[in-house]
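Student: Just to be clear, the model below is a prediction. Sequence and coordinates:
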Amino acid sequence: MTGKDKQILEELKRRLCEIAEVLDLRLYGSRARGDADEDSDMDVFLAVPALDDDLEDRLREVSWEVGFDHGVLISMMIFTRHEMEDTPLRSSQLVLNVREEGIKI
């Protein structure tokens, strides 16, 4: 993760925390591995206690605004505590990869 990535993620976390309880926020993918190029998107995993359509829209709007302000596309996956603890999703390869390679923010 570069210094610029860290700055972007700190701003993203601060803004997300203004509208929701953030249980987990992680950078994953090429930027977490350090093999991103200048055009790589920023893959972000977010876990929140609960989610409805309005909250999801607001969270995605914040991620778009922060990314736009810094010239990077933020691709955010949003999951609820229930999905992460009580459904088969918790053992999906994607979630396992995020937990293994993701950098907690």
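Tutor: All right, it came through fine.

Student: Look at the spatially most central residue of the chain and give its secondary structure.
Tutor: What sits nearest the mean C-alpha location of the chain, by C-alpha atoms, centre = their mean, is Val44, with 2.5 Å. Using DSSP: H, G, I helix; E, B strand; the rest coil, the structure places Val44 in strand.

Student: can you pull the contacts of it?
Tutor: Neighbouring residues of Val44 by C-beta atoms under 8 Å, 6 or more residues apart in numbering: 9, 12, 25-28, 63, 74-77. In short, each C-beta sits where N, CA and C put it, glycine included.

Student: do Ala50 as well
Tutor: 80-82.

Student: a markdown table for the residues you listed, including neighbour count and pLDDT?
Tutor: Listed next are these as a markdown table, based on neighbours: other C-beta atoms under 10 Å; pLDDT from 0 to 100:
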| residue | neighbour count | pLDDT |
| --- | --- | --- |
| Thr80 | 16 | 91 |
| Arg81 | 15 | 86 |
| His82 | 12 | 86 |
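
Student: ok, so of these, who is nearest Glu100?
Tutor: Closest to Glu100 out of these is Arg81 (20.0 Å), distances taken as C-beta to C-beta.

Student: Pretty sure Leu46 is one of the things that closest one touches, is it not?
Tutor: No - using C-beta atoms under 8 Å, Arg81 is not in contact with Leu46, being 11.6 Å away.

Student: Closest one of the contacts of Ala50 to Leu94?
Tutor: Thr80 (15.4 Å).

Student: doesn't Pro49 make contact with the closest one?
Tutor: Yes - if you go by C-beta under 8 Å, Thr80 and Pro49 touch, sitting 6.8 Å apart.

Student: quick one: average confidence on whichever helix in the chain runs longest?
Tutor: Using DSSP state H, we find that the single longest helix of the chain is helix 53-70. If you average the pLDDT over helix 53-70, you get 97.
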